[in-house]
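Undergrad: my questions concern the predicted model and sequence given below.
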There are 2 protein chains.
Amino acid sequence: MLASVPGRPTFKRLPRAVREQQMLDAAVRVFSRRGFHEASMDEIADEAGISKPMVYAYLGSKDDLFRACVNREGTRLLESIVAVVADDLPADEQLWRGLRGFFGFVGAHRDGWAVLYRQARSGQPYDLATLRTRIVEVVAGMLRSAVESQSRQARDEDLTASAYALVGAAESIADWLADHPEADPDRSAARLMNFSWLGARQLLQGELWQPSSA
Amino acid sequence: MLASVPGRPTFKRLPRAVREQQMLDAAVRVFSRRGFHEASMDEIADEAGISKPMVYAYLGSKDDLFRACVNREGTRLLESIVAVVADDLPADEQLWRGLRGFFGFVGAHRDGWAVLYRQARSGQPYDLATLRTRIVEVVAGMLRSAVESQSRQARDEDLTASAYALVGAAESIADWLADHPEADPDRSAARLMNFSWLGARQLLQGELWQPSSA
DNA sequence: GAGTAACCTTACGCAGGAGTAGATATGCTG
DNA sequence: CAGCATATCTACTCCTGCGTAAGGTTACTC
């Protein structure tokens, strides 16, 4: 079939590792704009510039593929946050860095974010529940050590609740950010920093938070 | 077919309005636990104790049905918030009432909440985007009037961002609440009130917010 | 107590899309 | 430049689940 023009190969061969990443890139794009179910394996294969059986050969079923996407993007996201938060910094500085890392990721990987936030949440809780829980725990741990450094006490549930609130607020703003490509991630981070650190009361009184390090 | 036993009717007839509500109830339950795509019309019909063509006759296609669910639950949710917020109250009191209304709804309609939050967000933005936007606008309006009552100025984008943060934080805690049936909605509302009104800084210093009206 | 409109059912057509079988192309290695 | 492992394709099968056609059943009305 496929008239093989001599001199110009019918298709280009690439090593497995490379193709796998291309497929994942394509899958993330398609999942992000269609959602898990609306996305067809044909479309993903097409987007990757490859045929369907390749996807099955390398990455398994549609479910496996989706899991792989969530894993890759989730790991990247978590890295973006954890990498910049150092334990020995004051709480506001840690928070500020974490937020910048988070929004930086979202700004740079809008598709990945969409998959994690809009798609992965719906169906079975792939490994996303775990990921989100881990982020919440990181934040809660941050708050806890901040409280303890003032030799105070706080109920663990209250800290966890605050962590949930913080993560949810970040997700909400990130979602807005994902739909506004012209917006600046750092600006979003600053807005949320003001809100979450100062609280609505201070904010309504005109107070503003300023990063200590330029 | 179906040997009609005399004296015991083969099925019970009910007026359309009643059946429609039963169907919507069933659909919300099924959508909430399966997600839009995993939910089959057969299962919904079964859950409603009725056969499939009835669903099509009364509520149209699967898409229509889902829209109807989102509409009903969304309207109820919005009502729960708007109904209790009076314009002439101080900002913290308005916020407190809004939060209580919101968490009250979630606690009482966990399925409905799951449909709105986890399912409707994924696919095409039915009327949910509208709903969420409306809620954000209500909150933003609240903040704006609070600022103006202090004859101050604030950039509109900053207010909107705060509103997004607040809504996102509420959603996040609500989501946790939906998975913890034993938890008290009012307690969740109080926790978020503390976080969002006082901010992390005050909270870490041990400050607490108290409702003025018992 | 017949007529009729509104309910309600069983049983099917049909499309879309996941996953696979089997054949072919490519390029590295000696 | 022949041999072989690996990469790749085309062309199917088959199942799931949406939506519907055609025909019973019930209870209200006069």
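TA: Arrived safely.

Undergrad: contacts and neighbour counts: CA atoms only from here.
TA: Noted.

Undergrad: show me which residues of the helix or strand hosting A:R187 are buried.
TA: Assigned by DSSP states H and E, A:R187 falls within helix A:185-193. Neighbour counts over helix A:185-193 (16 or more other Cα atoms under 10 Å in any protein chain shown) mark A:185-186, A:188-193 as buried.

Undergrad: off-centre distance for it?
TA: How far helix A:185-193 lies from its chain's middle: 16 Å, per Cα atoms, centre = their mean, to the nearest Å.

Undergrad: averaged pLDDT, that helix. What do you get?
TA: Over the span of helix A:185-193, the pLDDT mean works out to 95.

Undergrad: show me what it is packed up against.
TA: For helix A:185-193, the elements it packs on are helix A:91-108, helix A:156-178, helix B:156-178, judged by 3 or more Cα pairs under 8 Å, 6 or more residues apart in numbering or on different chains; DSSP states H and E.

Undergrad: next SSE downstream of it?
TA: Next along the chain after helix A:185-193, taking DSSP H and E as the criterion, comes helix A:199-204.

Undergrad: contact partners of that following helix?
TA: Residues from elsewhere that reach helix A:199-204 (Cα atoms under 8 Å, 6 or more residues apart in numbering or on different chains): A:194-195, B:92, B:143, B:146-147, B:195-200.

Undergrad: just the buried members of the residues you listed?
TA: By 16+ other Cα under 10 Å, those give A:194-195, B:92, B:143, B:146-147, B:195-200 as buried.

Undergrad: backbone dihedrals for A:E207, please?
TA: Here is the backbone geometry of A:E207 (degrees, to the nearest 10): phi -70, psi 150.

Undergrad: ok, the nearest residue to it once chain neighbours are set aside - contacts?
TA: Of all residues not flanking A:E207 in the chain, A:L198 sits nearest, at 7.9 Å (Cα to Cα, 6 or more residues apart in numbering or on different chains). The neighbourhood of A:L198, defined by Cα under 8 Å, 6+ apart, consists of A:207-209, B:198-202.

Undergrad: rerun at 10 Å
TA: Residues near A:L198 by Cα atoms under 10 Å, 6 or more residues apart in numbering or on different chains: A:192, A:204, A:207-209, B:195-203.

Undergrad: can you give me the pLDDT of A:S213?
TA: Looking at A:S213, its pLDDT reads 58.

Undergrad: low pLDDT regions in chain A?
TA: Residues of chain A that meet the criterion pLDDT under 70 lie in A:1-9, A:120, A:122-128, A:212-214.

Undergrad: kindly recompute the last result at 50.
TA: When residues are selected by pLDDT under 50, those of chain A lie in A:1-5, A:214.

Undergrad: near DNA strand D, which residues of it show up?
TA: A:1-2, A:11-16, A:19, A:49-54, A:57 (Cα under 7 Å from any atom of the strand).

Undergrad: quick one: residues contacting the nearest residue to A:S162 once chain neighbours are set aside.
TA: In space, and not counting its chain neighbours, A:S162 is closest to B:F195: 6.2 Å by Cα to Cα, 6+ apart. By Cα under 10 Å, 6+ apart, B:F195 lies in contact with A:158-159, A:161-163, A:165-166, A:195-200, B:166, B:169, B:189, B:201-204, B:208-209.

Undergrad: how does it look with 8 Å?
TA: Residues in contact with B:F195 (Cα under 8 Å, 6+ apart) are A:162, A:165, A:196, A:199, B:203.

Undergrad: look up how far B:D184 lies from the first one.
TA: So that's A:S162. 16 Å (Cα to Cα, to the nearest Å).

Undergrad: and the fourth one, by the same measure?
TA: When Cα to Cα is the yardstick, A:G199 and B:D184 sit 24 Å from each other.

Undergrad: again with the third one
TA: Applying Cα to Cα, the value for A:S196 to B:D184 is 24 Å.

Undergrad: can you list the domains in chain A?
TA: What automatic domain parsing lists as the domains of chain A is A:14-60, A:69-204.

Undergrad: and the last one, how far out from the chain middle?
TA: Domain A:69-204 sits 10 Å away from the centroid of its parent chain (Cα atoms, centre = their mean).

Undergrad: can you check the shortest one too?
TA: What separates the centre of domain A:14-60 from the centre of its chain is 19 Å, taken as Cα atoms, centre = their mean.
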